[in-house]
Each structure stands twice: as structure tokens, then as C-alpha cells.
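Visitor: Build me a model from this:
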Amino acid sequence: METHEAFRADLARSVRLLSAFRLEQSDPDYFYGLLARDTVAQLSTYTELDGALVVDVGGGPGYFADALRSAGARTVCVDCDAGEMRMRDGAMPEGAVLGSALRLPLVTGSVDVCFSSNVLEHVPDPVTMAEEMVRVTRPGGLVYLSYTSWYSPWGGHETSPWHYLGGHRAARRYERRYGKRPKNVYGESMYAVTVSRMLAWARRQDGAELLDAIPRYHPRWARHVVRLPGVREVVTWNLLLVLRRR
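Guide: This next block holds a predicted model:
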């Protein structure tokens, strides 16, 4: 098991992560490797990972699963796209399972941690996915759910910031400029998920207690932007919800 640095939500970390976003498609190994290490350090502040059974929902090629295993976790990576899972070296990641985030192929209450990073905005029914994550988590276990909010500067992913004028319009503009469709197509593989919608879902949960709702990439002192209606939709950027299964 590797030793991970202590997690520090300071300004230097925020700058490092947000600067790396421009490399997401040109150098995915660097970007996702950096993000995965940071995420595991953050997750470790909420729960013990050594020996824990963690399911990575929508884990694709397994960057997060690798970082979780380095922290001592046992991992299962669930994704509905075999091509996405084989992107790194042509092979399926260790512990890979083909399945939908909207109907996870896991027994109720079977995992210690249910984890998902930046997948929720890519499913047509985000509440169903979130409910499934709660379902498969054991009582006392942890749900770590983060996603890019639609009205954030990166809400349209590679079509940003033109998504502010409409998702379909942004996609058409991208296609005219680059001669190809964007990887993330509004209404097909990317959807508008707001901060307010999922905050409301988390707060009304009977099956889980909301432990934290914070802007994932921001310094600790900026965490309270989530409390500001309207402003939070733009400023939060990426919402992290951490819940404890009842």
C-alpha cells in the first residue's frame, strides 16, 4: 500500500487542479492521474480505505480504481461502456464490471464506499443514479458523489462556455469549428444537472445522512458558496456530496 500525502484544501491545490483541466483530452493520463490521487486523499478524510470494498461508478479506464487500490481498498469498477474502459491500454481494468449506473449490478448494502467522480452529468436520470449509490452501500458506509454543475464555467465540458447560450447551440458551434462532434453531446451523453437539484435530493434522504456538501475543487474557506442560491450554480463548479448510509 502506498502512503498518500495528507489532504489540504488550500488555494495552491485549487490552482493546480483547475489548471490541469485544459489537459483532460490531450493528456488524460496526467489529468486523471492527478485528479485520482487528490480525490483519494480527500476521500480518506471521511473514511478508512485500507481493506474497504469500494465501487467506482462510471470509472471508465480505472484511474480512480488504481488510486484507491494504492490506498489499500478493494475495488469494483462499474461502467456501461466497454470501449471507455479499454481506453488506456486496450484491456479492461482490474475488477471491471459492465453495467449501468441507473441499475447497478450489485447487491443492496454490499459495499463499504460507493464512489463516483464526474459521471452524474452524463446520465439522463441523475436522481436514480444517486439513489442506486445509496442502495448498494452498507449501513454506516459512505457515498462520495461529485459532478460538474451545468451552470459552472465548465458545465458544457469541451463546448464551454457556449453552453450558457444553450447545450444544442454549443454542440453545433463546436462541430462547425472542429469538424467533428464533441465527445460530450448535450442531450445524449451530457445533461444539465444543477447544484440545487441534487442538494435538495441529498437533504431529503431518509436512507442516508448528508455529511458534507462542498465545492470539490475550492479552498476550504470557499466552501460556504454552496449556501448561496443562484451564486452557487456558477461558483461551485463541481459539487461534492458525502453521505453516510443509515
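Visitor: Where does the residue nearest to Val136 when sequence neighbours are not counted fall, secondary structure wise?
Guide: Excluding its sequence neighbours, the residue lying closest to Val136 (C-beta to C-beta, 6 or more residues apart in numbering) is Leu106, at 4.3 Å. (C-beta placed from N, C-alpha, C; glycine too.) For Leu106, there is no helix or strand it lies in under DSSP states H and E.
Visitor: isn't Leu106 right next to Val54, touching?
Guide: No: taking contacts as C-beta atoms under 8 Å, Leu106 lies outside contact range of Val54: 11.7 Å.
Visitor: Of the two, which one has the most company?
Guide: Remark: of Leu106 and Val54, Val54 carries more neighbours, 28 against 20, as counted by other C-beta atoms under 10 Å.
Visitor: Is that one in a helix, a strand, or coil?
Guide: Going by DSSP: H, G, I helix; E, B strand; the rest coil, the secondary structure assigned to Val54 is strand.
Visitor: what sits opposite it in the beta ladder?
Guide: Val54 has these beta-bridge partners by DSSP bridges: Thr75, Val113.
Visitor: residues in contact with it?
Guide: Residues near Val54 by C-beta atoms under 8 Å, 6 or more residues apart in numbering: Leu68, Ala73, Arg74, Thr75, Val76, Val111, Asp112, Val113, Cys114, Phe115.
Visitor: coming back round to it: mind checking how far the residue nearest to Val136 is from Met133?
Guide: 10 Å (C-beta to C-beta, to the nearest Å).
Visitor: Show the average pLDDT along stretch 231-246.
Guide: What stretch 231-246 shows for mean pLDDT is 97.
Visitor: residues touching the nearest residue to Met129 once chain neighbours are set aside, list them.
Guide: Nearest non-adjacent residue to Met129, counting by C-beta to C-beta, 6+ apart: Ala101, 4.6 Å away. Remark: with contacts taken as C-beta under 8 Å, 6+ apart, Ala101 is in contact with Val57, Gly58, Val78, Cys80, Ser116, Val119, Val123, Met129, Glu132.
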